[in-house]
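> Sequence and predicted structure are below.
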Amino acid sequence: MGEPVRMNPGTRSTPGDPPGTSQAGTVNEERNTTMSETVIRAEDGAAFMINVFDVDPENQKELAEVMSEGAEKYIRHRPGCLSVNLLTSNNGKRLLYIAQWRSKADIKAALGDPDIQRVRERAAELANPDAHAYTVYALHHPES
């Protein structure tokens, strides 16, 4: 189904950046991690846990830190985890948490982990989560 979509977690746009620009490496430099990419393919059967958090702007940074720490300590080491991406809205009112897994069974197993449950409980204290499992329906790319 064509080329995979690649999301580079080492770049981020900040408020005031012109559209289409980003600061390469900012997130990874702060956390001293290796640059990597998330690949989305329609035909590989991957499952996604996408959680949209509605958050008060004054809590967005703490929520992002809680979720990022949880991803680093507990999620990325779980069997079947392919990637975790965190996106914060520029207005401070939302956080989007996208975890890509090999299968729905891997998601279910991870959700049973007491450490992951504690992270989810802390996140729910800071914001209103709305989590659902997804599969890829279609991918579209601009013509080259």
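Structure's in. What do you need? Residues are numbered from 1 along each chain as shown.
> Let me see the ranges of the helices in this protein.
26-31, 60-70, 104-111, 114-126 (DSSP state H).
> Out of those helices, flag the one nearest R41.
helix 104-111 (16.5 Å; Cβ to Cβ). Using the backbone N, CA and C atoms, a C-beta is placed for each residue, glycine as well.
> Identify all contacting residues around that closest one.
Applying Cβ atoms under 8 Å, 6 or more residues apart in numbering, the contact partners of helix 104-111 are 47, 49, 75, 78-81, 99, 101, 116-117, 120, 133.
> Determine which residue lies closest to the centroid of this structure.
A centroid search over the chain (Cα atoms, centre = their mean) returns N85, at 2.3 Å, as the residue closest to the centre.
> Mind checking which of the contacts of helix 104-111 are buried?
Taking 16 or more other Cβ atoms under 10 Å as the criterion, what is buried in the contacts of helix 104-111 is A47, M49, I75, R78, G80, C81, A99, W101, I116, R120.
> mind checking how far the spatially closest residue to the fourth one that is not a sequence neighbour is from G70?
For R78, ignoring the flanking residues on the chain, the nearest one in space by Cβ to Cβ, 6 or more residues apart in numbering is A110 at 4.8 Å. As judged by Cβ to Cβ, to the nearest Å, A110 and G70 stand 11 Å apart.
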